[in-house]
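Participant: attaching a predicted model along with its sequence, questions to come.
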Amino acid sequence: MKSIVLTGGGTTGHVSVNLTLIPHLLERGWDIHYIGSKGGIEETLIKKYNEVHYHAISTGKLRRYWSKENVKDMFRVGKGILQAKRVLNKVKPSIVFSKGGFVSVPVVLAAKWSRIPIITHESDMTPGLANRIGLPFATKICYTFEDTKKHVPEEKGLFLGAVVRDELFKGSRDKGFALTGFSSRKPVILVTGGSQGAKSINDFVRDQLDELLQTFQIIHLCGKDKKDERLEGVKGYIQYEYVTDELPHLYAISDLVLTRAGSNTIFELLALRKPMILVPLPDTQSRGDQIQNADYFKRQGYAEVIKDENLKGKGAVELVKQAYVNRYQYVDEMRKQAVQNPTEKLLSLIEEYKKN
């Protein structure tokens with residue numbers, strides 16, 4: 001049986017492409033192994049597939065600033081490389097596919113050491129730190145934005161576009177309204193700060209809840225352990241820490257989405273033709289990739305953008321309301337972009353580069 005090792009983690013964005021690939025790989029008879037961190041979000045997401053073998057390894061955090069933890073993490077990454085090497089020696093995969101995130105670094109290094117072909121995927125306009133470390137070792141580097149080609153070796157790079165999960169197109173409005181108890185007669189806004197939540201977004205929604213509820217019903221994906229129990233039962237407002245199978249149905253009833261600007265999420269919304277307001281993670285908390293993503297989507301006419309520091313007060317509420325008024329303008333621009341799901345192309349690439 002053909003065997004593949006998938007890796008990537010730390011956030012949902014570093015797992016989503018793998019989640020898209022898994023059902024197709026299973027259908028095609030692949031033996032699938034996943035290398036991730038112990039207790040990471042990737043372990044939670046992957047465990048719903050009983051057919052996928054999960055292997056936890058030691059890993060550090062890739063920081064862009066000095067910390068004494070960096071020294072400790074060097075040893076953790078070294079340990080992770082040895083653990084990944086043992087998994088690879090046992091599994092003997094035909095290929096490794098990496099979606100990035102700090103857990104992927106030991107796996108990519110171990111795969112290169114073991115002379116196993118490596119395909120990586122970069123969702124943002126500029127490669128993240130983990131993928132930058134892996135660039136010299138990758139056999140092929142796929143990317144979502146065409147502009148990314150200037151950041152990767154020409155002979156290795158391949159513009160692929162956004163890999164969007166098939167199940168997102170199967171959302172049911174009836175199921176969405178049944179899940180939320182909402183009415184179809186009032187617009188719905190879905191608010192999310194990503195799998196970990198976003199304090200500024202959560203604070204804005206809760207501080208301005210009465211004002212927002214005058215116009216919208218609100219689905220609030222607030223992040224793990226970030227629910228506000230005091231708001232349970234408020235009419236027109238429902239909060240979830242995190243959703244998986246419910247997400248397509250919640251998207252189906254949403255007229256507007258207020259979200260961070262992680263590339264996986266915003267390309268999913270583009271494919272679904274969902275008007276969006278992007279609140280990119282500020283460069284004080286990131287390498288600035290979400291700011292680049294948001295600027296690109298605004299230039300294309302797909303979204304409105306609110307800076308994180310401006311997401312407060314009634315002024316921000318008015319911007320949200322105005323985005324709803326202008327929603328059809330965003331949809332018109334989105335319709336000019338053909339819906340492309342390059343999953344099949346990626347699967348063919350895996351077949352092409354696998355080690356026989």
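Facilitator: Arrived safely. Residues are numbered from 1 along each chain as shown.

Participant: what comes up buried for the longest helix along the chain?
Facilitator: In the chain, taking DSSP state H as the definition, the longest helix is helix 68-91. Buried residues in helix 68-91, defined by neighbour count with 16 or more other Cβ atoms under 10 Å: 73, 76-77, 80-81, 83-85, 87-88, 91. C-betas here are computed from N, CA, C, even on glycine.

Participant: go on, stretch 174-189?
Facilitator: Quick answer for stretch 174-189 (16+ other Cβ under 10 Å): 176-177, 179-180, 182, 187-189.

Participant: do the same with stretch 200-207
Facilitator: So, applying 16+ other Cβ under 10 Å, buried residues of stretch 200-207: 200-202, 204-206.

Participant: what does it contact?
Facilitator: Under the contact criterion Cβ atoms under 8 Å, 6 or more residues apart in numbering, stretch 200-207 has outside partners 191-193, 212, 218, 220, 222-223, 226, 228, 231, 258, 260, 279, 308, 311-312, 316.

Participant: can you turn the buried part of those into a PyMOL selection?
Facilitator: Buried residues among these (16+ other Cβ under 10 Å), as a PyMOL selection:
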select buried, resi 191+192+193+212+218+220+222+223+226+231+258+260+279+308+311+316
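
Participant: narrow the contacts of stretch 200-207 to those in helices?
Facilitator: 212, 316.

Participant: ok and the longest strand along the chain relative to helix 68-91, angle-wise?
Facilitator: With secondary structure taken from DSSP state E, the chain has its longest strand at strand 31-37. Relative orientation of strand 31-37 and helix 68-91, computed by axes from the mean of the first three to the mean of the last three Cα atoms, to 10 degrees: 160 degrees.

Participant: each with direction, which strands does strand 31-37 pair with?
Facilitator: Next to strand 31-37 in the sheet, as set by DSSP bridges, lie strand 3-7 (parallel), strand 53-57 (parallel).

Participant: nearest to Ala252, out of those?
Facilitator: strand 3-7 (28.3 Å; Cβ to Cβ).

Participant: so how far is that closest one from its chain's centroid?
Facilitator: 19 Å (Cα atoms, centre = their mean, to the nearest Å).

Participant: just stretch 151-169 next, same as before
Facilitator: 13 Å.

Participant: which stretches in the protein count as strands?
Facilitator: Secondary structure of the chain by DSSP E: the strands cover 3-7, 31-37, 53-57, 95-98, 118-122, 140-143, 157-159, 188-192, 217-221, 237-240, 256-259, 276-278, 303-305.

Participant: so what are the sheet partners of the last one and their directions?
Facilitator: Strands flanking strand 303-305 in the sheet, each with its direction: strand 276-278 (parallel) (DSSP bridges).

Participant: state the mean pLDDT of the strand it pairs with.
Facilitator: For strand 276-278, mean pLDDT is 97.

Participant: who's in contact with that strand?
Facilitator: 256-261, 266, 269, 290, 293-294, 297-298, 302-306, 319-320, 323, 330.

Participant: restricted to buried residues, select these in ChimeraX.
Facilitator: This is the ChimeraX syntax for the buried subset of the contacts of strand 276-278, where burial follows 16+ other Cβ under 10 Å:
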select :256,257,258,259,260,261,266,269,290,293,294,297,302,303,304,305,306,319,320,323,330
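
Participant: that older thread, export the buried residues of helix 68-91 to TSV and append columns for pLDDT.
Facilitator: Listed next are the buried residues of helix 68-91 as TSV, based on pLDDT from 0 to 100:
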residue	pLDDT
Asp73	66
Arg76	77
Val77	78
Gly80	88
Ile81	92
Gln83	94
Ala84	95
Lys85	96
Val87	96
Leu88	97
Val91	95
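
Participant: picking up where we left off before, out of the buried residues of stretch 174-189, which two sit at the greatest distance?
Facilitator: Leu179 and Pro187, at 16.9 Å, using Cβ to Cβ across the buried residues of stretch 174-189.

Participant: thinking again about what came up before, the longest helix of the chain packs against which elements?
Facilitator: Other elements packing on helix 68-91 under the criterion 3 or more Cβ pairs under 8 Å, 6 or more residues apart in numbering; DSSP states H and E are strand 3-7, strand 31-37, strand 53-57, helix 104-113.

Participant: tell me where the stretch 201-350 of the chain is predicted with low confidence.
Facilitator: Scanning the stretch 201-350 of the chain for pLDDT under 70 picks out 285-286, 338-341.

Participant: bridge partners for Tyr237, pull those for me.
Facilitator: The partner residues for Tyr237, given DSSP bridges, come to Ile218.

Participant: got the contact list for it?
Facilitator: Applying Cβ under 8 Å, 6+ apart, the residues near Tyr237 are 209, 213, 217-218, 220, 231.

Participant: export those residues to a markdown table and tack on distance to Gly36?
Facilitator: Below are the contacts of Tyr237 laid out as a markdown table (distance: Cβ to Cβ, whole Å):
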| residue | distance to Gly36 |
| --- | --- |
| Leu209 | 36 |
| Leu213 | 39 |
| Gln217 | 36 |
| Ile218 | 33 |
| His220 | 28 |
| Leu231 | 33 |
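
Participant: ok, so of these, who is nearest Glu146?
Facilitator: Relative to Glu146, and with distances defined as Cβ to Cβ, the nearest of these is His220, at 34.0 Å.
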